[in-house]
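Asker: pasted the sequence and its predicted model underneath.
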Amino acid sequence: MIKFDTSKHKCQACVICCMDFRIYKDATLHFYLMDVGIEDYDLIAIPGAGKALLGKHAEFVLDAIRISMELHESREIFLIHHIDCGAYGGSKAFVSKDAEIGKHKYEMEAAKQAIIAKFGSDVSVKKILLDESQSSLNVIVM
């Protein structure tokens, strides 16, 4: 039986990441967040993560962030992308690894600015790129 703790109603962060199962396999995302001190977080999983903030799903994602901030008092936002993301066409869509990283860096910064435009500059937005391409997790903080 799964236990659901209804007594605690605050969390440290709102995490926006891709829905790709590889991010959750072996609790990769959860262990990374635990390593940086984030134990309780709201999770918004949507293809492409920050890419969704730049297109037709922007209001949906911004509303989910607002709900996290209002209901659970989250004040830190983690925007997590990953290498070989299908929403970007996978790694094969780029001429090089540097080009792929550059695209994620550009879009995460644009998504961060969309979040700040909506919620103000006092919201902390951390941009993370996960790379598991060499059978170990490489975390790139943007």
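Answerer: Looks like it came in fine. Numbers count the residues shown, from 1 in each chain.
Asker: show me where this protein has helices.
Answerer: Ranges of helices within the chain are 21-24, 28-35, 58-72, 97-119, based on DSSP state H.
Asker: what's the closest of those to residue 44?
Answerer: Proximity to residue 44, assessed across the helices of the chain by CB to CB, is greatest for helix 58-72 (4.8 Å). Heads up, the C-betas are built off the backbone N, CA and C, glycines and all.
Asker: list the buried ones in that closest one?
Answerer: 61, 62, 64, 65, 68, 69, 72 (16 or more other CB atoms under 10 Å).
Asker: tell me how far it lies from the chain's centre.
Answerer: From the chain centre to the centre of helix 58-72 is a distance of 13 Å (CA atoms, centre = their mean, to the nearest Å).
Asker: got the contact list for it?
Answerer: 9-11, 14, 16, 42, 44, 46, 52-53, 74-75, 77, 114-115, 118-119, 123 (CB atoms under 8 Å, 6 or more residues apart in numbering).
Asker: for ChimeraX, what selects the buried ones among these?
Answerer: In ChimeraX, a selection of the buried entries from these looks like this (16+ other CB under 10 Å):
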select :11,14,16,42,44,46,52,53,74,77,114,115,118,119,123
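Asker: what pLDDT does the model give residue 99?
Answerer: On pLDDT, residue 99 comes in at 96.
Asker: kindly apply the preceding question to residue 122 instead.
Answerer: In the predicted model, residue 122 carries a pLDDT score of 88.
Asker: please consider this matter closed, and thank you.
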